[in-house]
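Colleague: Predicted model follows, preceded by the sequence.
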Amino acid sequence: MNRLGTVVGFTFKNKVRTKSFLITTLLLALVMTIGIHVPFLIQLFTGGDDAASTNKIGIADGGQTEIAQQIENYVSALPNNELEFVPLNGQDAAALNEQAKTQKLGGYLEITPGESGTFPAVKYISDDGVVPNDIQAALQPALENAKTRFITAGALSDAQIAQLTTPVQLQFSSYDRAAGVDTSSSGSGNNEEKFSPMNFITVYVLMTLFFFSAMLTGNMIASEVTSEKSSRVMEILITSVSPLTQMFGKVMGVFLVGLLQIVVFGVTIAVNLMLPHNRNVLAGFDLDFSQLPVDVLVYGLIFYILGYFLYALLYAAVGSIVSRTEDLGQAVTPLTMLSLAAFYIGIFSLNSTNSLLMKISSFVPFTSPTTMIARIGLGEIAFWEIVVSLVLLLAAIFFFGWLSAKIYRTGVLMYGKRPSFKELRKAMKAYKI
Amino acid sequence: MAVDRISLGVQEGEIYGLLGANGAGKTTTMRMVLGLIYPDDGSITYGGKAYGADVQRLVGYLPEERGLYPKVKVSEQIIYLAKLRGMNGAEADKNLRYWMKKFEAEEYYDKRIEELSKGNQQKMGFIAAVVHRPEILILDEAFSGLDPVNVELLKLAVKELRDQGASILFSTHRMEHVEELCRNITILDRSKTVLQGDIREIKNRFPREQILLKTSSPVEGLDQIQGVTSVEGTPDQYLLKISDEAAAPLVLTEAIRQSDVRHFEVKEPTLNQIFIRSVGERHE
C-alpha cells in the first residue's frame, strides 16, 4: 500500500509540473473565462446608441391606417417592448427609403392593400434586407392578431382573439406519471423538475466531461507507460514493484491530475459566474443554480470515476504493448472509437432517453458512464437498473483490470516486432501479476 | 531460444563475469536472474530462496540502456526508485549524496537526466542501481560508453560493494575489466556455455604460446629452435610464438649462451585470446 502511494505521488507530482500540463490548463481556463464573458460582451457592443435607432421602425400604411394602428397597439402592449413606430409618408419606394435613412431607422414596414378585401401584404424593408429576430418575434403575432381582427371584422371579442392566436400545446406523460406513480430512483419524480434545463445541462456537462477526461487522461497514461518502456525505466520498475501496483498507481496519479484540472476549471467557471456583470446577463437565461439536480450529480460522479478507471486501465495496457511513442496513436484507436461511441450515443439520444439503444447501452460497461447518466437525468429509470449497470461496470473493471495487468506485465518486455496473439497468450499465462 | 542450459553460482563478496559476443544471451540470462522473464525450465534461487517480493528488495539492476526518466530530476527519481525497493526517503537521500560525492557528480543532484552527458547518465544509472544497498547487484555492460577516468571510478565502486559482501553479476565484452575484477566467469556463445570456471584454471587449461624475451645484445637463430613457429621484434626484444611449451627452456638456454638475458617470460594467454579462440573456433 505504501508503495502504491509512492507511485501515485511520483506520477502526480511529475505530471502536474510538466509545462504542457500547466499551459493547457491555463489556456483552457482562459478560453472558459472568455466564453463566459461572450454574452456580456455582445450586450456591451449592441447596447450602444446604435441600438436605439434600430429599435425605431418606420411604418408606411399605404392607406391601411387601421391595420397599422392595430400593429402598433399590439406591439406596444407587449411586455419589455423596446420597439417604437414612426409613421412614414412617401409616394414611392425611393422616397420611403430616403426617409428611413435620414431618420436612422432600423427599417420600415410597407403595407400594400390586398385585392378585393383580403388582408394586405406586409413587407419589412431594411438596409440589409433582413428582419432581426427580436423584431420578427414582436411583429409576427402582431400581424396575426391584426389579420384575425380584419377577417372577423369585430365579430369576436378581444379575449376570443387572444385565445385564437395562442398556439395549442400538446402535453405528454408516461402511464406511470399519469397515474402518479414515481418510478424514478431519485425520489424527485416531479415532471417539471425532470425536464428542467438544469438537468439537461448537468447531463450534457457530465457526458462531455467524461468523454474528454477519458480521452485526455487515457492518452496521458498510455504515453507515460510507453515512454517508461522506451527509456527502459520499466525494467527497473517491474523488478521493484508488482505490475498491478505500478499500473494502479499510475492510473490513480493521473486521475488526481485530471481531478485537479477539473477543479481548476470549476473554480474558474464559478468565479466568472459570480462576477456581478455576468450574473446580470445570466439571469436573463433563466438558469437557477439552486435547481441543480444533486442526485444526478452524485450518480454522475460514481459513473464518472468507475468509467474512468475502466478506460484508464485499458489505456495503460495498450501503452505497454507499444515500444515507441510514435506508434501509440495507432494502438489507442480502438479505445478512442469506444469512447467516441459512448459520447455520441449519449449526445444524440438526449431527446430519446428511453429508446432501445439507450436501454441497451446503459448496461454495457463502456457506454454506461454516459448513457446511464442521460437516463437518470432525463429519462425514466428504475433503481434496480442503476444497480445492475453499476455491478456490470464494476465486474468489467475487475476483469479488464486483471487482463490489463497481464498485458502490462507481458507487454512491457516486448520490444521490436509487434507480438502475435499466440505469443501474447503464452507469455500472459507464464507471468504472475 | 536465447539461452540453453546455463548454470552458475555467485558467492557473497564475489564479482561474477558473464562474457559473450553480441547476442550471446548475456542480457537474457540477467533478465531471468532479475525475474523479468522466467526460464522455461530450471530454477534460480537467491540465498536458497525462490524469487519473490522480498528478493526484489535485495536486487539492484543497471540495464544496458540508461533506464532512467529523461525528464525527471536526478535526485527525485533515484529516491523514488529506492523507495520502491523499500528504503525510506531520508536514507535514500543520504546514500544518493554519498555516491554523488564519490563520483564527483554532486552538481547533477537537481538536474534532469536529459541534460546530462551519456557517461554521466550511466553514472546516475549506477547510483540508481546501488542506492538501496542491494545484496545482489546485476550490472549489464556497466562500463560501456565511459571515459577511462570514469571507468576507474566505477571499478572502484564495484570493488567496494564486493568487499562489503554484495554478490555481483557482471556482463561485458571487454576482457580486461573481467581479468581485473572477476574470479569466476562464464563465456556464452549463441545461447550456450562455452567456458566456465575460475579464471586461473581456465587460463591454465590453455597452452602458453608466447615468450617475451629481452636481452642486452641480438640473439641469432631463435627461429631454428624446435617448437618455435615465429619470431618478431627488435634486436634486443623478441616475441616468440611457440607450438609447445617444451620449447621455452630451449629458447632460454640459447639466449643465455649468446647474450645477457634481462627478461624472460612465458606469457599466459590473455582472456581476450581465450575468448577469441573458444568463440571464434565455434564459428568456423
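Modeller: Yes, it's here.
Colleague: domains of the chain?
Modeller: You didn't say which chain, so I picked chain A. Per the record, chain A has its domains at A:2-37+A:187-428, A:50-165, by automatic domain parsing.
Colleague: Hmm, no, I was thinking of chain B.
Modeller: B:14-203, B:207-268.
Colleague: low-scoring stretches of chain A, by residue?
Modeller: A:1, A:46-54, A:176-196, A:280-291, A:413-420, A:423-424, A:426-433 (pLDDT under 70).
Colleague: quick one: the helices in the stretch 1-150 of chain A?
Modeller: A:2-16, A:19-46, A:49-54, A:65-77, A:93-102, A:133-152 (DSSP state H, counting those that start in this stretch).
Colleague: Around chain A, pick out the residues from the stretch 51-200 of chain B.
Modeller: With C-beta under 8 Å from any C-beta of the partner chain as the criterion, the stretch 51-200 of chain B meets chain A at residues B:53, B:56, B:59, B:61, B:63, B:65-72, B:76-77, B:80-81, B:83-86, B:128-129. Any C-beta I mention is one placed from the backbone N, CA and C, and that applies to glycine too.
Colleague: and the residues you listed, which of them are in helices?
Modeller: In this view, those that belong to helices under DSSP state H are B:Ala53, B:Gln56, B:Glu76, B:Gln77, B:Tyr80, B:Leu81, B:Lys83, B:Leu84, B:Ala128, B:Ala129.
Colleague: May I see those residues organised as CSV, with neighbour count and pLDDT added?
Modeller: Shown next, in CSV, are these (neighbours: other C-beta atoms under 10 Å in any protein chain shown; pLDDT from 0 to 100):
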residue, neighbour count, pLDDT
B:Ala53, 11, 77
B:Gln56, 19, 83
B:Glu76, 16, 92
B:Gln77, 22, 91
B:Tyr80, 25, 93
B:Leu81, 27, 91
B:Lys83, 23, 91
B:Leu84, 24, 90
B:Ala128, 27, 92
B:Ala129, 24, 91
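Colleague: before we move on, back to that, comparing the domains of chain B, which comes out most buried?
Modeller: Mean neighbour count (mean count of other C-beta atoms under 10 Å in any protein chain shown) peaks for domain B:14-203 among those, with a mean of 18.
Colleague: on that earlier part again, among the domains of chain A, which comes closest to chain B?
Modeller: Judged by C-beta to the nearest C-beta, the one of those that comes nearest to chain B is domain A:2-37+A:187-428, at 4.1 Å.
Colleague: Could you check the pLDDT of whichever residue of the stretch 151-284 of chain B sits closest to chain A?
Modeller: With C-beta to the nearest C-beta, the shortest gap between the stretch 151-284 of chain B and chain A falls at B:Leu169, namely 13.4 Å. For B:Leu169, the model assigns a pLDDT of 91.
Colleague: is it fair to say it lies in a helix?
Modeller: No: using DSSP: H, G, I helix; E, B strand; the rest coil, the assignment for B:Leu169 is strand, not a helix.
Colleague: from memory it sits against B:Leu137, does it?
Modeller: Yes: between B:Leu169 and B:Leu137 there is a contact at 7.3 Å, judged by C-beta atoms under 8 Å.
Colleague: In which helix or strand does the residue nearest the centre of chain B reside?
Modeller: A centroid search over chain B (C-alpha atoms, centre = their mean) returns B:Val178, at 3.3 Å, as the residue closest to the centre. For B:Val178, the element it lies in under DSSP states H and E is helix B:175-181.
Colleague: One more: A:Ile347?
Modeller: helix A:328-348.
Colleague: And A:Met372, by the same measure?
Modeller: helix A:368-378.
Colleague: and that helix, what does it pack onto?
Modeller: helix A:197-230, helix A:294-321, helix A:328-348, helix A:356-361, helix A:383-411 (3 or more C-beta pairs under 8 Å, 6 or more residues apart in numbering or on different chains; DSSP states H and E).
Colleague: Reformat those as TSV; add mean neighbour count and distance to chain B.
Modeller: Formatted as TSV, the helices and strands packed on helix A:368-378 follow (neighbours: other C-beta atoms under 10 Å in any protein chain shown; distance: least, C-beta to the nearest C-beta, whole Å):
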stretch	mean neighbour count	distance to chain B
helix A:197-230	21	7
helix A:294-321	22	14
helix A:328-348	17	17
helix A:356-361	16	40
helix A:383-411	18	10
